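Q: need a 3D model of the following:
(2 chains)
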Amino acid sequence: MSTYALRRILQTIPIILIISILLFIMVRAAPGGPLTAARRNPNITEEQIQKLEEQLGLNRPIHVQYLDWVGKMLRGDMGQSIKFRRPVSEMIGERIPNTLLLVGLSFLVTLLIALPIGILSALKPYSLFDYIATTITFLGQSLPVYWLGLGLILVFYVTLKNPFTGNPLFPGGSMNTFGKEGDLLDTLWHLVLPVTALSLGWAAWYSRFLRSSMLDVLHEDYIRTAYAKGLSKRAVNYSHALKNAILPLVTLMALDLPALFAGALFVETIFSWPGMGRLFWDAARGRDYPVLLGVVMITAVLIIGANILADLAYGLLDPRVKYE
Amino acid sequence: MSELGKSVIKEQSMTRLIIRRFFKHRLAGFAITVLMILILSAVFAYLSPYTPTQQEPINSFKSPSAEHWFGTDELGRDIFTRILYGGRVSLTVGLFSSFSSILIGVIVGALSGYYGGWLDSILMRVTDAFLTFPTLFVLILLGAFLREQPIPWLKNSVLVVIIIISVLSWMWTARLVRSLFLVLREREFIVAAHAVGTSNARIILRHILPNCVGPIMVSGTLQMAYAIIMESGLSYLGFGVQPPTPTWGSILSTAQVHVFKAPWLAFYPGLMIFITVMAINYIGDGLRDAFDPFVIHTGTK
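A: You can find the predicted model right below:
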């Protein structure tokens, strides 16, 4: 197990290397770099631009810049934001908890919706409930998260008002009401709409997946064996079938993480939620390279880490899986 | 000669069987009609009395009426017309990027599954690397990067979007095709083909690949839905197809600014994305059902 874990971690080194080289070359080779604004400014002379280039180290050969960047990365130094003149690691560090809060909570809500729907659909396939659930989840799957987010703002922020105070029913953006920074309840209140936007589509996917996974498992031999032993339907469904049906969900969720982060980027942009997605979007509009590289690398590492964990967890949960 | 004739008739009847099965799925039949209407309305968009960029500032923010079916935006442009033209972009991106991502996926998956060994190891490591990309982040980066290159044909932002979406979405097809090939290459008819000295290329193309058509087509519909959602999303964020070309995503993005004043602006483009994606998903569902007995028959499932 531990050798497998070690090998699995070692395997990711070339992957991280490939990603980092590709991204670095791509972003650094792009013309109209970080000094575009300075170049357009008629008050800044060519000499000053060269000085700026030297200061930022942009005039060195690209491979030197890359190695320099990797060395710094390993030490946790991701450079400075060109726009804000602040360490990138600090900026990302501020945003990571917010994104993880949003994504984590959405994961939880997704499961809370998907599990009962998927299980009930599979236990009574082709029933009225199954029919309605299948139709609704099909609609949910096709709903673009950015449209859903706008729709939620339109309904719960613009249109519906709190009957007592006359304020919008739910906050339509940001993390806290002004002057209530750090208030957890207030933050949760602000999370209602973003989490709904992010989790509905996923709940649709997972309930469909769980339904078919559960249906597959219910046809397995060991389910028949369990019945033959005289176990009740309830015991078979919940402690034999469900356990096995949920297993593939672990791998699926890890694989879906990039898409979940993508959804988070949309939701954070729409609801001005101060997370990594919003940071990335702002940085991309300003071509703030160090920030862009930092965010992509950090998300890639998070995703790779989650995949390794999912692989290991799968082995612990399913004794049939053997590590070579 | 007569042998050949027979086999042609048989092949046709299989296709017909699948088409008949497909239309038995009533919603899939309906979905294909909807998609056809969407495609035709995008093709014949020029029949509209307005043009997508024609501005009439006096008529800005008109709510839907007989004159302007879906209303007008902040510059007085007819939203209905803009949505018709936007459909051209979305459907083109959907069709072409699903096609090219399937092509890459089939090539990678077929080589990997058929030859195995070191080729398989390398290709699958590359696939894994692509799967761990934070896709949308890289799409945004690539979109900005490619468009800034001093190469004229890259200025065509529709093409750029098609390329970057295909490059980042072939992995699922590759894995699927690889798993199909792993099973099929062990089967008797392939062993027999080897025994009579059929070349590898011929076995891959004529013996194994036709048996994978069903799952590949289903995966193609998924890719198309994904591509349309991604294109609209990218344009919505401002990193996809650039103005003045109207797209569903960019119309939605301007609508966001005016959501208080003109909520219908946000409603229609999103609805179009929703309907299109749903139609494609239902077509995929119908295809899955239509091919399913066939898949079980060849033992790939």
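Q: residue ranges with poor pLDDT in the stretch 51-200 of chain B?
A: Along the stretch 51-200 of chain B, segments meeting pLDDT under 70 span B:66, B:147-149, B:154-155.
Q: what's the answer for chain A, then?
A: Along chain A, segments meeting pLDDT under 70 span A:1, A:26-40, A:179, A:321-324.
Q: spell out the residue ranges of the helices in it.
A: When assigned using DSSP state H, the helices of chain A occupy the ranges A:2-29, A:36-40, A:46-56, A:62-74, A:88-123, A:128-141, A:145-153, A:184-218, A:221-228, A:233-235, A:242-270, A:276-285, A:289-317.
Q: now the ones you listed as JSON lines including mean neighbour count?
A: In this view, the C-beta of every residue, glycine as well, is placed from N, C-alpha and C. Written out in JSON lines, the entries for the helices of chain A read as follows (neighbours: other C-beta atoms under 10 Å in any protein chain shown):
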{"stretch": "helix A:2-29", "mean neighbour count": "15"}
{"stretch": "helix A:36-40", "mean neighbour count": "12"}
{"stretch": "helix A:46-56", "mean neighbour count": "13"}
{"stretch": "helix A:62-74", "mean neighbour count": "13"}
{"stretch": "helix A:88-123", "mean neighbour count": "19"}
{"stretch": "helix A:128-141", "mean neighbour count": "16"}
{"stretch": "helix A:145-153", "mean neighbour count": "24"}
{"stretch": "helix A:184-218", "mean neighbour count": "20"}
{"stretch": "helix A:221-228", "mean neighbour count": "13"}
{"stretch": "helix A:233-235", "mean neighbour count": "11"}
{"stretch": "helix A:242-270", "mean neighbour count": "21"}
{"stretch": "helix A:276-285", "mean neighbour count": "23"}
{"stretch": "helix A:289-317", "mean neighbour count": "20"}
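Q: adding distance to chain B, write these out as TSV.
A: Output for the helices of chain A, formatted as TSV (distance: least, C-beta to the nearest C-beta, whole Å):
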stretch	distance to chain B
helix A:2-29	4
helix A:36-40	10
helix A:46-56	18
helix A:62-74	14
helix A:88-123	12
helix A:128-141	6
helix A:145-153	3
helix A:184-218	10
helix A:221-228	18
helix A:233-235	28
helix A:242-270	3
helix A:276-285	5
helix A:289-317	4
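Q: quick one: those as JSON lines, columns for distance to residue A:162 too.
A: As requested, the helices of chain A are exported to JSON lines (distance: least, C-beta to C-beta, whole Å):
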{"stretch": "helix A:2-29", "distance to residue A:162": "46"}
{"stretch": "helix A:36-40", "distance to residue A:162": "44"}
{"stretch": "helix A:46-56", "distance to residue A:162": "50"}
{"stretch": "helix A:62-74", "distance to residue A:162": "47"}
{"stretch": "helix A:88-123", "distance to residue A:162": "23"}
{"stretch": "helix A:128-141", "distance to residue A:162": "27"}
{"stretch": "helix A:145-153", "distance to residue A:162": "15"}
{"stretch": "helix A:184-218", "distance to residue A:162": "12"}
{"stretch": "helix A:221-228", "distance to residue A:162": "50"}
{"stretch": "helix A:233-235", "distance to residue A:162": "43"}
{"stretch": "helix A:242-270", "distance to residue A:162": "21"}
{"stretch": "helix A:276-285", "distance to residue A:162": "27"}
{"stretch": "helix A:289-317", "distance to residue A:162": "36"}
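Q: indicate which one of those is closest to residue B:68.
A: Residue B:68 lies closest to helix A:145-153 among those, at 20.9 Å (C-beta to C-beta).
Q: and the closest one, how far out from the chain middle?
A: Once both centres are worked out by C-alpha atoms, centre = their mean, to the nearest Å, helix A:145-153 turns out to sit 18 Å from its chain's centre.
Q: next one: stretch A:73-87
A: Centre to centre, stretch against its chain (C-alpha atoms, centre = their mean), the figure for stretch A:73-87 is 23 Å.
Q: so which bits of that stretch are buried?
A: If you call a residue buried by 16 or more other C-beta atoms under 10 Å in any protein chain shown, then stretch A:73-87 has these buried ones: A:73, A:78, A:79, A:80, A:81, A:82, A:83, A:87.
Q: any idea whether residue B:61 is helix, strand or coil?
A: Reducing the assignment at residue B:61 to three states with DSSP: H, G, I helix; E, B strand; the rest coil gives coil.
Q: burial count for it?
A: By the other C-beta atoms under 10 Å in any protein chain shown criterion, the neighbourhood of residue B:61 contains 15 residues.
Q: same thing with residue B:115?
A: For residue B:115, using other C-beta under 10 Å, the count is 15.
Q: OK, contacts around it?
A: Contact partners of residue B:115, counting by C-beta atoms under 8 Å, 6 or more residues apart in numbering or on different chains, are absent.
Q: repeat that with 10 Å
A: B:123, B:181, B:185, B:200, B:204 (C-beta atoms under 10 Å, 6 or more residues apart in numbering or on different chains).
Q: can you check residue A:135 too?
A: Residues counted as contacts of residue A:135 (C-beta under 10 Å, 6+ apart) are residue B:27.
Q: so who does the residue of the stretch 1-150 of chain B found nearest chain A touch?
A: Checking the stretch 1-150 of chain B residue by residue against chain A with C-beta to the nearest C-beta singles out residue B:136 as nearest, at 3.5 Å. Residues counted as contacts of residue B:136 (C-beta under 10 Å, 6+ apart) are A:258-259, A:261-266, A:277, A:280-281, A:299, B:168, B:230, B:233-234, B:237, B:239.
Q: and it, what helix or strand is that in?
A: Taking DSSP states H and E as the definition, one finds residue B:136 inside helix B:135-147.
Q: what's the angle from that helix to helix A:242-270?
A: Using axes from the mean of the first three to the mean of the last three C-alpha atoms, to 10 degrees, the interaxial angle of helix B:135-147 with respect to helix A:242-270 works out to 40 degrees.
Q: export helix B:135-147 to CSV, keeping only CA atoms.
A: As requested, C-alpha coordinates have been extracted for helix B:135-147 and formatted as CSV (Å, rounded to 0.1, in the frame of the first residue of the first chain):
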residue,chain,number,x,y,z
THR,B,135,-9.8,22.7,-18.2
LEU,B,136,-11.6,26.0,-18.1
PHE,B,137,-8.6,27.8,-16.7
VAL,B,138,-6.4,26.5,-19.5
LEU,B,139,-9.1,27.2,-22.1
ILE,B,140,-9.1,30.9,-21.0
LEU,B,141,-5.3,31.0,-21.1
LEU,B,142,-5.1,29.3,-24.5
GLY,B,143,-7.8,31.5,-25.8
ALA,B,144,-5.9,34.6,-24.8
PHE,B,145,-2.6,33.2,-26.0
LEU,B,146,-3.5,31.9,-29.4
ARG,B,147,-5.4,35.0,-30.4
